[in-house]
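Peer 1: I'll drop the sequence and a predicted model, then ask my questions.
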Amino acid sequence: MTAPPTPSPTAPPLSDLMPWSAAPLRLGRSWVMAQDRASLIARWDRLIRAEGAEREELFVPTRARTPLSAVAALPGRPTSTARLARESGPCPEPLRVTHGPFDEQWLIPDHRLIDAARPELWRVADDRQLFAVEQGYVPGAAGPALLVGALLPDGRSPAGRPGRIRPLYRRPGGVEPNLAPGLRELLTDRYGLDVTAEQVLAWALAVAEPSPGGCVVPLTGDPELWAAGVGLGERMTRAQLRGAHGGERPRLPGGRRPYVRAAVTGRAETLGFEPDGQTLLVGEGRISPVSAGAWDFTVGGVRVLELWFERRTAVPEDGIEGLAAIRPAGWLPEWTSELLELITILTLLAELRAPARELREKVRKGPGIGRDELTAAGILPVPSAARRPASVFDHHEEGPEGQFALI
């Protein structure tokens, strides 16, 4: 697989184009996230049945969280703020989130359970929001430097140092794009068309290049290249959004669509690939056709399909203890549906890699908009306020022990 090129020294970093970002979520305890909703409810019920020292042990206390911690509710989540040591109610409704690249899982959205939940992200997570997630830098590793999704991401990377989470909008309702002040106006004037925040993100997806300090995004001075890059990035976006925001779920044309040829059953302990038959072997199950591009698709040097499968089936040699041990006894039917969709997404994105490489090469050789021009236009350096989350909202959020605070 071709290694990523050396980034252009004049290309601005994404951190200057989309200035506000948050660090990845830090859960503090693995049992609050699972690949299925039922396991989370069962874990919560087991925790609530326990008392005293047993509840504390099951909880897995850290410096940031214990059952006695006083914690505000997560924005937009109607959960209790009483200390967890006194909790006796039902499990908060699990929430679908993105765990690392392309892996949708379930999370108990209770601030009392999460060491660092990044409330600023929860405040702007709605049906208009998109989250750009930088991938951890791994020298020489192929794969996308930037991914996008509609679900709240935890920001984890399969290898390397985790990147940053960059919401497209700074406020709910798709208000106030998270772009450097003046950037859209500069690009609109340069290309002779109205540049939107969604187009800037689509361009970044198409051309972003990895670097140790975070991905960089070369900007072209050619309106035709800009239009081509935006179109390519929009195709990448549609594949990753999985039908969110009113779109269609990703599909391949007939004849290339993956189907289950033999059902996946039992624990499905092994995963393999037969390139000649374009067949994915999932335990005793068989899925085809599966392209080599989907099988070989990596992020941070890690094969996505293998990582997704391992998270659902692998058991550590020393076993699993505590609440995390409450998990499905075997392969769940919904995982097959999720796997088919994941194969489809990876196939679509793999087919766009060659056009993306060609585009980046054209951008590299053509006229560009570098840091000097952005500085001369007053866009760089970015004002410090643009790197901070919007701080004033017109709704109340519940603080610890039922108190309310205006944020």
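Peer 2: Structure received.
Peer 1: C-alpha from now on. contacts and neighbour counts both.
Peer 2: OK.
Peer 1: Helix, strand or coil: sort out E56 for me.
Peer 2: Classification of E56 using DSSP: H, G, I helix; E, B strand; the rest coil returns helix.
Peer 1: Kindly state the pLDDT recorded for it?
Peer 2: For E56, the pLDDT comes out at 97.
Peer 1: Same question for P78.
Peer 2: The model's pLDDT for P78 equals 88.
Peer 1: Break down the protein into its helices, ranges please.
Peer 2: For the chain, applying DSSP state H gives helices covering 14-17, 37-49, 52-59, 119-124, 183-191, 197-207, 223-241, 292-295, 304-313, 333-351, 353-365, 371-376.
Peer 1: Quick check: which of those has the most neighbours on average?
Peer 2: Per-stretch averages of neighbours, counted by mean count of other CA atoms under 10 Å, single out helix 197-207 among the helices of the chain, with a mean of 23.
Peer 1: tell me the mean pLDDT over that helix?
Peer 2: 98.
Peer 1: what's the answer for stretch 16-35, then?
Peer 2: Per-residue pLDDT over stretch 16-35 has a mean of 97.
Peer 1: in it, what counts as buried?
Peer 2: Neighbour-count burial for stretch 16-35, with 16 or more other CA atoms under 10 Å as criterion, is recorded at 16-25, 27-29, 31-35.
Peer 1: Just those: which are in strands?
Peer 2: Judged by DSSP state E, the buried residues of stretch 16-35 include M33, A34 as members of strands.
Peer 1: Leaving out the residues flanking it, which one is nearest to the residue positioned nearest the centre of the chain?
Peer 2: The structure's the chain has its C-alpha centroid closest to P153; by CA atoms, centre = their mean the separation is 4.0 Å. With sequence-adjacent residues excluded and distances taken as CA to CA, 6 or more residues apart in numbering, P153 is closest to T98, at 4.5 Å.
Peer 1: for P355, same thing?
Peer 2: Nearest to P355 is L232, by CA to CA, 6+ apart, at 8.0 Å.
Peer 1: shaky segments in the stretch 101-250 of the chain?
Peer 2: 160 (pLDDT under 70).
Peer 1: That one: strands as residue ranges?
Peer 2: 104-107, 131-134, 146-149, 165-167, 169-171, 175-177, 219-220 (DSSP state E, counting those that start in this stretch).
Peer 1: Reformat those strands as CSV; add distance to R55 and mean neighbour count.
Peer 2: Below are the strands of the stretch 101-250 of the chain laid out as CSV (distance: least, CA to CA, whole Å; neighbours: other CA atoms under 10 Å):
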stretch, distance to R55, mean neighbour count
strand 104-107, 20, 21
strand 131-134, 35, 24
strand 146-149, 35, 24
strand 165-167, 33, 26
strand 169-171, 38, 25
strand 175-177, 43, 14
strand 219-220, 54, 25
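Peer 1: ok, and for stretch 245-254, which residues are buried?
Peer 2: P250, R251.
Peer 1: Start and end of it, how far apart?
Peer 2: From the first residue to the last, stretch 245-254 extends over 25 Å; the measure is CA to CA, to the nearest Å.
Peer 1: what's the distance between that stretch and the middle of its chain?
Peer 2: 19 Å (CA atoms, centre = their mean, to the nearest Å).
Peer 1: still on that earlier bit, now that we have the strands of the stretch 101-250 of the chain, can you turn them into a markdown table and tack on distance to A159?
Peer 2: Output for these, formatted as a markdown table (distance: least, CA to CA, whole Å):
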| stretch | distance to A159 |
| --- | --- |
| strand 104-107 | 18 |
| strand 131-134 | 12 |
| strand 146-149 | 14 |
| strand 165-167 | 16 |
| strand 169-171 | 28 |
| strand 175-177 | 30 |
| strand 219-220 | 28 |
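Peer 1: between those strands, which one is nearest to G370?
Peer 2: Closest approach to G370 among the strands of the stretch 101-250 of the chain is made by strand 219-220 (6.9 Å; CA to CA).
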